[in-house]
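**Student:** Sequence below, structure please.
(chains A, B, C and D)
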Amino acid sequence: MGDDRRSFSYYKAIPVIEKLPFKIESGDQVKNLPAIGKSLRDHINEIVTTGKLSKLEHFENDEKVRAVSLFGEVWGVGPATALKLYDKGHRTLDDLQKDDSLTYAQRTGLKFFDDIRQRIPRHEVSEMEKLLQEVGKDILPGVTIVCGGSYRRGKSSCGDMDIVITHDDGKRYTSKHVKPGFLPKFVQRLKDINFLREDLIFSINSIEGTDSGVDTYFGLCTYPGRELRHRIDLKVYPRNRYASGLLAWTGNDVLNRRLRILAESKGYVLDDTGLYLATQSSGGKRAGRSEAIVNCHEEKDVFDTLGFPYLEPHERNL
DNA sequence: CAGTAG
DNA sequence: CGGCCTTACTG
DNA sequence: GCCG
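**Tutor:** I've put the predicted structure just below:
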């Protein structure tokens, strides 16, 4: 437990196995597959021959594993905190509610645990996106508001909403050059109409900020007329960083990682704030980034610069 | 600083 | 053996 | 955990 590197290896092996056109009858059949090494092959062999995995038996019946993984599903609670809560003697979500060591965000995540876990039908996301666009353009005409994430990738239901925002007038709506900033107004307006309900994280870098370029809001919202809470993220990018922001928040994770690794191999650094030319950092292991970001106005520019065939959003479900 | 999230 | 997306906030 |  608590070894996410290792669990990630299992995670990577899953789609590899799922995509096999045949049923595995022997460990030899997975011998040369990527992401599957000796250890996983041994496990597969055991499952094939005995029908089960002895190692797993303990896990499923282990109260600790069950409690800690449950706690870890609460927003804001990671492996370390989950383990601490268990060691305090907590076993159920009800136990956690009595614990006063939880942060406000964690308490909120706990309070709406069942709500947040509900998936949102695509057409409802679509309506909420429209609502956000209406409210947004009322504050700032010409603002661009797009719902990314699995919604943009065409999924029929979404776990949350990733809203990516920019404005195309040459100014930098997330930098110190803007007095009040768009996001605080937007959030306030959305609270006024009872769309945004609880805050999780609200970070404004814009006032005198580090000019990191991105204002972010994480919180809970409701579909108009309902009380069911959904997770929503709002991110505001300057126009020159919008393409990389939209790309990153559309995902999926596998594509993001693939693009970032590709970027590095070609002498770039890619993240949600832009595509940069890597600099030769003298001391550090990792390549630094140049100030100059490669000019990517649209997502396609990022793909093109990296020499990666362009994928439409619905093709990014890797 | 560790922990957590995206 | 060491790397395995990076960056920024909360407490 | 897998990979080089």
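**Student:** okay, now residue A:141: neighbour count?
**Tutor:** When neighbours are defined as other Cβ atoms under 10 Å, residue A:141 has 9 of them. For glycine as for every other residue, the C-beta is placed from the backbone atoms N, C-alpha and C.
**Student:** Give me the pLDDT for it.
**Tutor:** Note on residue A:141: pLDDT of 91.
**Student:** To which secondary structure element is it assigned?
**Tutor:** Residue A:141 is part of no helix or strand when elements are defined by DSSP states H and E.
**Student:** List phi and psi for it.
**Tutor:** phi -60, psi 140 (degrees, to the nearest 10).
**Student:** Indicate the residue of the stretch 201-318 of chain A located nearest to DNA strand B.
**Tutor:** Closest residue of the stretch 201-318 of chain A to DNA strand B, Cβ to the nearest atom of the strand: residue A:233 (5.5 Å).
**Student:** Go ahead and confirm that residue touches residue A:221.
**Tutor:** No: using Cβ atoms under 8 Å as the test, residue A:233 is too far from residue A:221 to be in contact (10.2 Å).
**Student:** Compare the two (neighbour count), which wins?
**Tutor:** residue A:221 (25 against 18).
**Student:** any idea how far residue A:307 is from that one?
**Tutor:** 39 Å (Cβ to Cβ, to the nearest Å).
**Student:** ok, now residue A:315?
**Tutor:** In terms of Cβ to Cβ, residue A:315 sits 17 Å off from residue A:307.
**Student:** out of those two, which sits in the busier spot?
**Tutor:** For the pair residue A:315 and residue A:307, the greater number of neighbours falls to residue A:315 (12 against 8), based on other Cβ under 10 Å.
**Student:** need the contact list for residue A:155.
**Tutor:** A:122, A:317 (Cβ atoms under 8 Å, 6 or more residues apart in numbering).
**Student:** any idea which element the residue of the stretch 51-200 of chain A at minimum distance from DNA strand D lies in?
**Tutor:** Closest residue of the stretch 51-200 of chain A to DNA strand D, Cβ to the nearest atom of the strand: residue A:55 (7.4 Å). Using DSSP H and E, residue A:55 sits within helix A:54-61.
**Student:** Pull out the buried residues from whichever helix or strand comes after that helix.
**Tutor:** Remark: after helix A:54-61, the chain's next helix or strand is helix A:63-71, criterion DSSP H and E. Buried positions in helix A:63-71, judged by neighbour count with 16 or more other Cβ atoms under 10 Å: A:67, A:68, A:70, A:71.
**Student:** re the thing from before, mind listing residues that contact the helix holding residue A:55?
**Tutor:** Contacts for helix A:54-61 (Cβ under 8 Å, 6+ apart): A:43, A:46, A:65.
**Student:** Which parts of chain A are helices?
**Tutor:** A:4-18, A:38-50, A:54-61, A:63-71, A:79-87, A:93-97, A:104-111, A:113-117, A:122-139, A:149-152, A:182-192, A:239-250, A:253-265, A:299-306 (DSSP state H).
**Student:** Next, see if the longest one gets close to DNA strand B.
**Tutor:** No: against DNA strand B, helix A:122-139 shows no contacts by Cβ under 7 Å from any atom of the strand, the least distance being 14.8 Å.
**Student:** how much does that helix deviate in direction from helix A:182-192?
**Tutor:** Put simply, helix A:122-139 runs at 120 degrees to helix A:182-192, going by axes from the mean of the first three to the mean of the last three Cα atoms, to 10 degrees.
**Student:** need the residues of the stretch 201-318 of chain A near DNA strand B, please.
**Tutor:** Residues of the stretch 201-318 of chain A lying near DNA strand B (Cβ under 7 Å from any atom of the strand): A:218, A:231, A:233, A:249.
**Student:** one more time with 6 Å, if that's ok
**Tutor:** Residues of the stretch 201-318 of chain A that fall close to DNA strand B, judged by Cβ under 6 Å from any atom of the strand: A:231, A:233.
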